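In: Build me a model:
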Amino acid sequence: MTDKDTAKPITVLIADDHSLVAEAMCHILEASGEYRVAVVETLLDARAAIHAQGGYDLVLLDLDMPGMDGAASVETVVRDNRTGRVAILTAGTVDLRQSTLFASGAAGVILKSQPFADILAAIASILEGELYYPRADDRNLFRMSAAAAMVPVALRN
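Out: Got it, this is the predicted structure:
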(Lines give C-alpha, C1' and ligand atoms only; values in the text may rest on other atoms or scores of the structure.)
Protein backbone atom coordinates (compact mmCIF):
# COMPACT_ATOMS: atom_id res chain seq x y z
CA MET A 1 0.00 0.00 0.00
CA THR A 2 1.22 3.47 -0.85
CA ASP A 3 0.62 6.67 1.10
CA LYS A 4 -1.90 7.63 -1.57
CA ASP A 5 -3.88 4.44 -0.88
CA THR A 6 -4.10 5.20 2.85
CA ALA A 7 -4.41 8.99 2.66
CA LYS A 8 -7.67 10.56 3.69
CA PRO A 9 -9.46 11.89 0.60
CA ILE A 10 -9.68 15.64 0.15
CA THR A 11 -13.27 16.72 0.64
CA VAL A 12 -14.68 19.14 -1.93
CA LEU A 13 -18.09 20.73 -2.20
CA ILE A 14 -19.03 22.02 -5.64
CA ALA A 15 -21.84 24.57 -5.36
CA ASP A 16 -22.97 25.29 -8.92
CA ASP A 17 -26.41 25.40 -10.51
CA HIS A 18 -25.10 24.22 -13.88
CA SER A 19 -25.40 20.44 -13.58
CA LEU A 20 -23.12 19.65 -16.50
CA VAL A 21 -20.25 21.72 -15.07
CA ALA A 22 -20.69 20.41 -11.54
CA GLU A 23 -21.06 16.77 -12.55
CA ALA A 24 -18.11 16.89 -14.95
CA MET A 25 -15.87 18.44 -12.29
CA CYS A 26 -17.10 15.94 -9.73
CA HIS A 27 -16.39 12.99 -12.04
CA ILE A 28 -12.90 14.15 -12.97
CA LEU A 29 -11.91 14.99 -9.39
CA GLU A 30 -13.22 11.70 -8.01
CA ALA A 31 -11.56 9.71 -10.83
CA SER A 32 -8.18 10.86 -9.52
CA GLY A 33 -8.82 8.96 -6.30
CA GLU A 34 -7.69 11.93 -4.21
CA TYR A 35 -11.04 13.67 -3.78
CA ARG A 36 -14.42 12.92 -2.26
CA VAL A 37 -16.86 15.36 -3.87
CA ALA A 38 -20.39 16.51 -3.07
CA VAL A 39 -22.48 18.70 -5.39
CA VAL A 40 -25.25 21.19 -4.57
CA GLU A 41 -27.11 23.75 -6.69
CA THR A 42 -27.92 26.67 -4.37
CA LEU A 43 -26.31 28.75 -1.66
CA LEU A 44 -28.80 27.45 0.88
CA ASP A 45 -27.93 23.85 -0.02
CA ALA A 46 -24.20 24.67 0.17
CA ARG A 47 -24.56 26.06 3.66
CA ALA A 48 -26.62 23.05 4.77
CA ALA A 49 -24.02 20.63 3.31
CA ILE A 50 -21.16 22.45 5.04
CA HIS A 51 -22.95 22.27 8.39
CA ALA A 52 -23.90 18.61 7.90
CA GLN A 53 -20.35 17.63 6.88
CA GLY A 54 -18.68 19.80 9.51
CA GLY A 55 -16.80 21.60 6.75
CA TYR A 56 -14.95 20.70 3.56
CA ASP A 57 -11.31 21.01 2.66
CA LEU A 58 -12.44 23.12 -0.30
CA VAL A 59 -15.70 24.69 -1.40
CA LEU A 60 -15.92 25.69 -5.08
CA LEU A 61 -18.61 28.36 -5.08
CA ASP A 62 -20.34 29.61 -8.22
CA LEU A 63 -20.95 33.35 -7.96
CA ASP A 64 -24.04 33.30 -10.14
CA MET A 65 -26.29 30.62 -8.66
CA PRO A 66 -29.57 30.92 -6.77
CA GLY A 67 -29.24 32.64 -3.41
CA MET A 68 -25.89 34.30 -4.10
CA ASP A 69 -25.44 37.94 -3.14
CA GLY A 70 -21.86 38.57 -4.22
CA ALA A 71 -19.16 39.14 -1.64
CA ALA A 72 -21.60 38.98 1.29
CA SER A 73 -22.48 35.39 0.38
CA VAL A 74 -18.82 34.50 -0.08
CA GLU A 75 -18.05 35.85 3.38
CA THR A 76 -20.89 33.77 4.86
CA VAL A 77 -19.63 30.56 3.22
CA VAL A 78 -16.06 31.30 4.33
CA ARG A 79 -17.33 31.73 7.88
CA ASP A 80 -19.41 28.51 7.65
CA ASN A 81 -16.50 26.49 6.24
CA ARG A 82 -14.11 27.78 8.87
CA THR A 83 -11.65 24.88 8.73
CA GLY A 84 -11.41 24.76 4.94
CA ARG A 85 -10.89 27.02 1.96
CA VAL A 86 -13.43 28.64 -0.37
CA ALA A 87 -12.70 29.43 -4.02
CA ILE A 88 -14.89 31.18 -6.53
CA LEU A 89 -15.91 29.21 -9.60
CA THR A 90 -17.20 31.46 -12.36
CA ALA A 91 -17.89 31.70 -16.07
CA GLY A 92 -18.29 35.47 -15.92
CA THR A 93 -16.04 38.41 -15.47
CA VAL A 94 -14.94 39.46 -12.03
CA ASP A 95 -12.78 42.42 -12.93
CA LEU A 96 -14.70 44.83 -10.70
CA ARG A 97 -15.39 42.29 -7.94
CA GLN A 98 -12.06 40.53 -7.44
CA SER A 99 -10.64 42.64 -4.62
CA THR A 100 -13.96 42.39 -2.77
CA LEU A 101 -13.97 38.60 -3.19
CA PHE A 102 -10.48 38.23 -1.73
CA ALA A 103 -11.38 40.66 1.07
CA SER A 104 -14.38 38.41 1.80
CA GLY A 105 -12.03 35.50 2.40
CA ALA A 106 -12.02 33.73 -0.97
CA ALA A 107 -8.80 31.80 -1.51
CA GLY A 108 -8.99 31.96 -5.29
CA VAL A 109 -10.91 32.64 -8.45
CA ILE A 110 -11.20 29.77 -10.93
CA LEU A 111 -12.64 30.31 -14.39
CA LYS A 112 -14.86 27.60 -15.81
CA SER A 113 -13.25 28.33 -19.18
CA GLN A 114 -9.78 27.29 -17.98
CA PRO A 115 -8.37 23.96 -19.17
CA PHE A 116 -9.02 21.27 -16.57
CA ALA A 117 -5.29 20.79 -15.97
CA ASP A 118 -5.12 24.47 -14.93
CA ILE A 119 -8.15 24.02 -12.66
CA LEU A 120 -6.48 21.03 -10.98
CA ALA A 121 -3.30 23.08 -10.49
CA ALA A 122 -5.37 25.94 -9.06
CA ILE A 123 -7.12 23.59 -6.63
CA ALA A 124 -3.77 22.14 -5.54
CA SER A 125 -2.26 25.56 -4.89
CA ILE A 126 -5.35 26.73 -2.98
CA LEU A 127 -5.23 23.58 -0.84
CA GLU A 128 -1.55 24.31 -0.12
CA GLY A 129 -2.60 27.63 1.38
CA GLU A 130 -1.86 29.92 -1.54
CA LEU A 131 -4.16 32.48 -3.10
CA TYR A 132 -4.98 31.69 -6.72
CA TYR A 133 -5.88 34.12 -9.45
CA PRO A 134 -5.89 33.24 -13.18
CA ARG A 135 -3.61 34.99 -15.62
CA ALA A 136 -5.01 38.18 -17.13
CA ASP A 137 -5.05 36.62 -20.60
CA ASP A 138 -7.21 33.60 -19.68
CA ARG A 139 -10.04 33.97 -22.20
CA ASN A 140 -9.65 37.75 -21.90
CA LEU A 141 -12.16 37.72 -19.06
CA PHE A 142 -10.14 39.93 -16.78
CA ARG A 143 -9.66 43.57 -17.64
CA MET A 144 -7.52 45.95 -15.69
CA SER A 145 -9.58 48.26 -13.56
CA ALA A 146 -9.13 50.26 -10.42
CA ALA A 147 -10.10 47.15 -8.46
CA ALA A 148 -7.67 44.93 -10.39
CA ALA A 149 -4.85 47.36 -9.72
CA MET A 150 -5.39 46.76 -5.98
CA VAL A 151 -4.67 43.04 -6.33
CA PRO A 152 -0.96 42.35 -5.69
CA VAL A 153 1.02 41.64 -8.84
CA ALA A 154 1.94 38.17 -7.53
CA LEU A 155 -1.72 37.19 -7.68
CA ARG A 156 -2.11 38.36 -11.27
CA ASN A 157 0.82 36.25 -12.66
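In: which residues of this structure fall in helices?
Out: In the chain, the segments counted as helices under DSSP state H are 3-6, 19-31, 43-53, 70-80, 98-103, 116-127, 146-149, 153-156.
In: Turn those into JSON lines, including mean pLDDT.
Out: Listed next are the helices of the chain as JSON lines, based on pLDDT from 0 to 100:
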{"stretch": "helix 3-6", "mean pLDDT": "55"}
{"stretch": "helix 19-31", "mean pLDDT": "93"}
{"stretch": "helix 43-53", "mean pLDDT": "97"}
{"stretch": "helix 70-80", "mean pLDDT": "93"}
{"stretch": "helix 98-103", "mean pLDDT": "79"}
{"stretch": "helix 116-127", "mean pLDDT": "93"}
{"stretch": "helix 146-149", "mean pLDDT": "42"}
{"stretch": "helix 153-156", "mean pLDDT": "42"}
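In: So which of those helices is the most surrounded?
Out: Mean neighbour count (mean count of other Cβ atoms under 10 Å) peaks for helix 98-103 among those, with a mean of 20. In this view, the C-beta of every residue, glycine as well, is placed from N, C-alpha and C.
In: by contact count, what packs against that one?
Out: helix 70-80, helix 146-149 (3 or more Cβ pairs under 8 Å, 6 or more residues apart in numbering; DSSP states H and E).
In: Could you pull up the contacting residues of the residue lying closest to residue 89 once chain neighbours are set aside?
Out: Leaving out its chain neighbours, the residue that sits closest to residue 89 by Cβ to Cβ, 6 or more residues apart in numbering is residue 60, at 4.4 Å. Counting by Cβ atoms under 8 Å, 6 or more residues apart in numbering, residue 60 touches 12, 13, 14, 15, 16, 25, 87, 89, 110, 123.
In: Apply 7 Å and report the result again.
Out: Going by Cβ atoms under 7 Å, 6 or more residues apart in numbering, residue 60 touches 12, 14, 15, 87, 89, 110.
In: One more: residue 112?
Out: 21, 89, 90, 91.
In: picking that back up, would you convert the helices and strands packed on helix 98-103 into JSON lines that also reports distance to residue 41?
Out: Listed next are the helices and strands packed on helix 98-103 as JSON lines, based on distance: least, Cβ to Cβ, whole Å:
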{"stretch": "helix 70-80", "distance to residue 41": "14"}
{"stretch": "helix 146-149", "distance to residue 41": "29"}
